[in-house]
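What follows is a protein structure lacking sequence information:
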């Protein structure tokens, strides 16, 4: 993955997310506006009313990806996944973020397999990528079952 990715303002979100020096997550407006309404928007995407839970889940989702990509970008992408998927509740939001992470990490490992200079590393990355992509597919199926209420 490209380590030079920069934040591109989202078409769906009026904010981006950053991690402060103390480790707390912070909403930053891309245009003038108050942070409370930004957090409110994020909570509505998550289907919850809890500020801390919302920010913790987004932080965990972005922290679950190993790459050289900017944390600010990963946090914002996690929020954009929710904006795009429009989960109905917190459980669906978690599943959507899990599916995103599995896909992203699987693609990262495929890229690493292609770049590996030794066969054992290439095989390791390829097997890991296949497992992650398989789990991604299972998670997407779980999301579909959850949306259909098990039908």
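Ah, there it is. Because the structure is predicted, anything quoted here is derived from the model rather than measured.

buried sites along the longest helix along the chain?
In the chain, with assignment by DSSP state H, the single longest helix is helix 119-147. For helix 119-147, burial by neighbour count (16 or more other Cβ atoms under 10 Å) applies to 125, 126, 128, 129, 132, 133, 135, 136, 139, 140, 143. Placement of C-beta: from N, CA and C, glycine included.

Sketch out the low-pLDDT regions of this structure for me.
1-19, 23-38, 62-72 (pLDDT under 70).

Which residue ranges of this structure form strands?
Secondary structure of the chain (DSSP state E): strands at 15-19, 25-29.

residue contacts, residue 121?
112, 113 (Cβ atoms under 8 Å, 6 or more residues apart in numbering).

Distance-wise, check residue 110 relative to residue 139.
18 Å (Cβ to Cβ, to the nearest Å).

With residue 60 instead?
Distance from residue 60 to residue 139, by Cβ to Cβ: 15 Å.

doesn't residue 96 make contact with residue 87?
Yes. Under the criterion of Cβ atoms under 8 Å, residue 87 makes contact with residue 96 at 5.3 Å.

Which residue is the nearest non-sequential neighbour of residue 143?
Distances taken as Cβ to Cβ, 6 or more residues apart in numbering place residue 95 nearest to residue 143, at 4.8 Å, with adjacent residues excluded.

Disregarding residues adjacent in the polypeptide, which is nearest to residue 91?
Closest to residue 91 by Cβ to Cβ, 6+ apart is residue 146, at 6.8 Å.

need the contact list for the one you found.
Taking Cβ under 8 Å, 6+ apart as the test, what residue 146 contacts is 91, 92, 95.

State the distance from the residue nearest to the second one when sequence neighbours are not counted to residue 94.
Think residue 92. Once flanking residues are discounted, residue 92 sits nearest to residue 146: 5.9 Å by Cβ to Cβ, 6+ apart. Distance, residue 146 to residue 94, by Cβ to Cβ: 10 Å.
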